[in-house]
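1. Need the 3D shape of this:
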Amino acid sequence: MRTARGFSLIELIIVIALIGILSTVVVFAWQGFRDNANLRTAARDIATDISSLKQRAVTEGIQYRITFSTSSNNYIIEQGTAAGAPYTTLQTKTPTTHGTGSGLSINSANFGIFGQELRFYPRGTILAGSVILTNSKNPPSTATIKTTVTGRTHVQFAMQ
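-> As a prediction, the model looks like this:
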């Protein structure tokens, strides 16, 4: 008698089905990881912009400001004068530039009396407040960027 060699059709179909199921699970997990990575990148970029504008205000002796817009989902970086106004737009940024289809949005921004406007003064102070970013996961992950009067920034993540 000869021994059978190879795989039966049933065994081959079972292996292909298992590979398909595992691939589906991996794709969904990877998308969630990518969404959270984009959120972390965007939050750290905004924190970097805040730190660099604080430093520029001190070095150049003029005011700067960042105006966050939740409706337009962007923020505008502007340069002032020694007196503070008028401001000139330097750059407009959106958190969605951190990955195609990242689904990032500016959920809220609050900086006391100036609302969604963060001002940087030549003496190195800024307004205390926070910006909250969210991604498109369900439930969404959030990143909260907090500022202190002394110009320190802190990013806190709540990943889902």
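2. Could you give me the buried positions within stretch 40-59?
-> Along stretch 40-59, the positions that meet the burial threshold by neighbour count (16 or more other CB atoms under 10 Å) are 40-43, 46-47, 49-50, 53-54, 56-58. Every residue, glycine included, has its C-beta placed from N, CA and C.
3. Redo those residues as a markdown table? Include pLDDT and secondary structure.
-> Conversion of those to a markdown table gives the following (pLDDT from 0 to 100; DSSP: H, G, I helix; E, B strand; the rest coil):
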| residue | pLDDT | secondary structure |
| --- | --- | --- |
| R40 | 91 | helix |
| T41 | 90 | helix |
| A42 | 90 | helix |
| A43 | 92 | helix |
| I46 | 93 | helix |
| A47 | 93 | helix |
| D49 | 93 | helix |
| I50 | 94 | helix |
| L53 | 93 | helix |
| K54 | 94 | helix |
| R56 | 94 | helix |
| A57 | 93 | helix |
| V58 | 93 | helix |
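4. Now tabulate these in a markdown table and tack on distance to H154.
-> Written out in a markdown table, the entries for the buried residues of stretch 40-59 read as follows (distance: CB to CB, whole Å):
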| residue | distance to H154 |
| --- | --- |
| R40 | 14 |
| T41 | 17 |
| A42 | 16 |
| A43 | 11 |
| I46 | 12 |
| A47 | 8 |
| D49 | 15 |
| I50 | 11 |
| L53 | 16 |
| K54 | 14 |
| R56 | 20 |
| A57 | 19 |
| V58 | 20 |
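5. in this structure, which residue is closest to the centre?
-> If you average the C-alpha coordinates of the chain and look for the closest C-alpha using CA atoms, centre = their mean, you land on A42, 2.6 Å from that point.
6. I figured that residue hits S105, correct?
-> No: because the distance of 9.8 Å does not satisfy CB atoms under 8 Å, A42 is recorded as not touching S105.
7. For the residue lying closest to F114 once chain neighbours are set aside, the count of nearby residues, please.
-> Using CB to CB, 6 or more residues apart in numbering and skipping residues adjacent in sequence, the residue nearest F114 is L127, 6.2 Å away. Other residues near L127 come to 19 when the count uses other CB atoms under 10 Å.
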